[in-house]
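Colleague: Predicted model and sequence follow; I will ask about them next.
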Amino acid sequence: MRLSKIVLIAAAALVFQQSPTLAKSDPALVTTKSGPVMGVTQDGVISFKGIPFAAPPLGDLRWRDPQPVAPWTTTLHAVDFGPACMQTDDIAKSEDCLTLNVWRPASPSLKPRPVMVWIYGGALAHGNTAMYLGNELARQGVVMVSMNYRVGRLGFFAFPELEHEAADDLQGNYGYYDQLAALKWVQANVAAFGGDPKQVTIFGESAGGGSVMAHLVSPLSKGLFARAILQSPGVPTARAASLPLSTMAAASDTAVAYAKSLGIAGTGPDALKALRAISAEDLVSDVSSQQVVVDLGTGKLPLGFPTSILDGKFLTQTPDAAFSSGNWNKVPVLVGANTRDLGVGAVKTKADIFALFGDKADAARKLYDPDGSVSFDELKQQVLADKTLVEPARHLADEVTASGESVWLYRFGYVATAQRAQLPGTLHGFEIPYTMDLPAAIVGNKVTADDIKMGALASAYWVSFAKSGDPNGRGRPQWPKYDPKANDKVFTFGNDGSGLTPDPLKARLDLWASIYGGM
């Protein structure tokens, strides 16, 4: 009898050793601080989608900084992206939207992996995580995280009673506070996914790049990341005169004016209660990033346009003031813009365009339209892109270098092979499929071997930067650190190859720098 028991125990031990499901826990099952989550393993990557990182901002939590999520005990099956935050886009969306996603390699690692946290763009009026897959970056050995954050009037709103209701809360920039909560979630939880909370790189494009900039200068974001990548950063930019931030007083006036437009009088508790009774759909129905093209050039923001607010806690000064004073969260930076980037501003004629240059209009004509033959649309694109995105990106590189930190500057000019007959350069946001190694995202089955090579190259630079603070390595063309004294050259991703090349925009960017410097 005793011998039989020994045999049975030995047999059970043998089965335990041979069964992977019994020998160790499923790597797709992770216990976060809030509760267990089960991911999906596919093609060597485990994804976890739709994980709540804050309480749903509903009812009295509308226009409050994000509150702790209620913990759960039943395993959350993290299979699908959560809905996007409320916006005008025809997508799955909800006011209950504060979720994030994680991708990690399925293979084990002896040491924690670097982490890349993506912040989407969309002029602070649009955007969602479901547009961006992190599987290919994870396949290169990092843990990739993306989060939803509130946009539009639900994300950036400063009605006066909110300060009286919760005086100790952060006010106004609720979308940024969501990002802040997600970054804190990463610090608390990413180790459970195999990530290293001390090796976090935040990266984003357009308003996502502007969000990265906001975290670079916010005292509340200090210590939450080790590196930063800014792709065509805007709203805000490193030039306050380019895309101006709102003061809290101006944002409050805009919120009160909006309430009055709905027939809501006063600024007290009853008015706030009435605003919270309005459906989320109605609140965002007139919020569109298209308004930025119509109105931003005047410096006056329409009631429906969201913008960064100098709230005094998260944003205490403009980014350019913070960088120039050295009062920012100093980390290595990678920044750049595209060869056909977005032109933002309100101009209707060539005369309007050259009026932007003030007493340097003649110099501008010689650079942009020397014989008067450039079309209005072409001139508008070139001038406004230089003004709002390209020169401010170079200026950021100048300021980071002056602070003693390493910075790498790029210009992205690669165009998918199938699009070269139609596009003379890389449009705003069209670098993302390559930096995320998803080159088919734009052209589908028309993707070519060259497109695939560019995706592998660009993403390798991004991942290497996240891993070591230096984008170079593995036989790629050498990308030198930015040197303001040698700003006649820029590292270019191009159709005919990538590397350090003469900057064809130098004279134009120098002109804008002189204008901004004189403001």
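Modeller: Cool, the structure landed. None of these values were measured; they are calculated from a predicted model.

Colleague: Now do the end-to-end distance for stretch 306-313.
Modeller: By CA to CA, to the nearest Å, the extent of stretch 306-313 from end to end equals 18 Å.

Colleague: which parts of that stretch are buried?
Modeller: Buried residues in stretch 306-313, counted by 16 or more other CB atoms under 10 Å: 306-311, 313. Any C-beta I mention is one placed from the backbone N, CA and C, and that applies to glycine too.

Colleague: which of those residues lies closest to residue 47?
Modeller: Nearest to residue 47 among those is residue 306, at 29.9 Å by CB to CB.

Colleague: So the closest one is in contact with residue 155, correct?
Modeller: Yes - contact status for residue 306 versus residue 155: in contact at 6.1 Å, counting by CB atoms under 8 Å.

Colleague: For the two, list the residues in contact with both.
Modeller: Common contacts of residue 306 and residue 155, defined by CB atoms under 8 Å, 6 or more residues apart in numbering, comprise 124, 175.

Colleague: remind me, longest helix of this protein?
Modeller: helix 449-468 (DSSP state H).

Colleague: Now it: buried residues?
Modeller: Under 16+ other CB under 10 Å, the buried positions of helix 449-468 are 451, 454-455, 457-467.

Colleague: try stretch 481-491
Modeller: Along stretch 481-491, these residues count as buried under the neighbour rule (16+ other CB under 10 Å): 481-482, 487, 489-491.

Colleague: List of residues touching stretch 80-93?
Modeller: If you take CB under 8 Å, 6+ apart as the criterion, stretch 80-93 is touched by 49-50, 52, 94-99, 101, 122, 125-130, 148-152, 154-155, 280-281, 283-285, 287-288.

Colleague: Whichever of the residues you listed end up buried, select them in ChimeraX.
Modeller: The ChimeraX selection below is limited to those of these classed as buried (16+ other CB under 10 Å):
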select :49,50,52,95,96,97,98,99,101,122,125,126,127,128,129,130,148,149,150,151,152,154,155,280,283,284,287,288
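
Colleague: Tell me which entries of the contacts of stretch 80-93 lie within strands.
Modeller: 49-50, 52, 99, 101 (DSSP state E).

Colleague: Can you give me the buried ones in the strand or helix carrying residue 392?
Modeller: Using DSSP states H and E, residue 392 sits within helix 391-402. Within helix 391-402, the residues scored as buried using 16+ other CB under 10 Å are 391-401.

Colleague: one step back: as JSON lines, the ones in strands among the contacts of stretch 80-93 with distance to residue 267 and pLDDT would be great.
Modeller: Shown next, in JSON lines, are those (distance: CB to CB, whole Å; pLDDT from 0 to 100):
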{"residue": "49", "distance to residue 267": "40", "pLDDT": "98"}
{"residue": "50", "distance to residue 267": "37", "pLDDT": "98"}
{"residue": "52", "distance to residue 267": "33", "pLDDT": "98"}
{"residue": "99", "distance to residue 267": "33", "pLDDT": "98"}
{"residue": "101", "distance to residue 267": "38", "pLDDT": "98"}
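
Colleague: can you give me the strands for the stretch 101-250 of the chain?
Modeller: 113-119, 143-147, 195-205, 227-231, 246-247 (DSSP state E, counting those that start in this stretch).

Colleague: Pick the most buried one from those strands.
Modeller: Mean neighbours per residue, mean count of other CB atoms under 10 Å, is largest over these for strand 143-147, with a mean of 28.

Colleague: what angle separates that one from helix 449-468?
Modeller: 90 degrees (axes from the mean of the first three to the mean of the last three CA atoms, to 10 degrees).

Colleague: chain center to strand 143-147: distance?
Modeller: Chain-centre distance of strand 143-147: 11 Å, with CA atoms, centre = their mean, to the nearest Å.

Colleague: follow-up on the earlier one: just the ones in helices from the contacts of stretch 80-93, please.
Modeller: The members of the contacts of stretch 80-93 that map onto helices under DSSP H are 152, 154-155, 280-281, 283-284.

Colleague: Tell me which two of those sit farthest apart.
Modeller: Within the ones in helices among the contacts of stretch 80-93, 155 and 281 form the most distant pair, 15.0 Å apart (CB to CB).

Colleague: Now do the same for the helix holding residue 392: mean pLDDT, whole number.
Modeller: Per-region confidence: helix 391-402 scores 97 on mean pLDDT.

Colleague: which strands and helices sit next to it?
Modeller: The contact analysis (3 or more CB pairs under 8 Å, 6 or more residues apart in numbering; DSSP states H and E) places helix 391-402 against helix 319-325, strand 333-338, strand 407-412, helix 506-517.

Colleague: Show me what the first one packs onto, helices and strands only.
Modeller: By that I understand helix 319-325. By 3+ CB pairs under 8 Å, 6+ apart, helix 319-325 packs against helix 207-217, helix 391-402.

Colleague: sorry, back to before: looking at the buried residues of stretch 306-313, which one is closest to residue 169?
Modeller: residue 313 (9.2 Å).

Colleague: Verify the stated contact: residue 73 with residue 31.
Modeller: No - with contact defined as CB under 8 Å, residue 73 does not reach residue 31; the gap is 10.6 Å.

Colleague: So which of these two has more stuff around it?
Modeller: residue 31 (12 against 7; other CB atoms under 10 Å).

Colleague: So what sits opposite the more buried one in the bridge?
Modeller: For residue 31, the beta-bridge assignment (DSSP bridges) gives partners residue 36.

Colleague: Which pLDDT value does the model give it?
Modeller: 97.

Colleague: before we move on, the earlier item: now, among the buried residues of helix 391-402, which is nearest to residue 413?
Modeller: Among the buried residues of helix 391-402, residue 393 lies closest to residue 413 (CB to CB), at 14.0 Å.

Colleague: any weak-confidence spans in the stretch 301-450 of the chain?
Modeller: In the predicted model of the stretch 301-450 of the chain, residues 301-305 satisfy pLDDT under 70.

Colleague: for the stretch 1-150 of the chain, same thing?
Modeller: The stretch 1-150 of the chain contains residues with pLDDT under 70 at 1-24.
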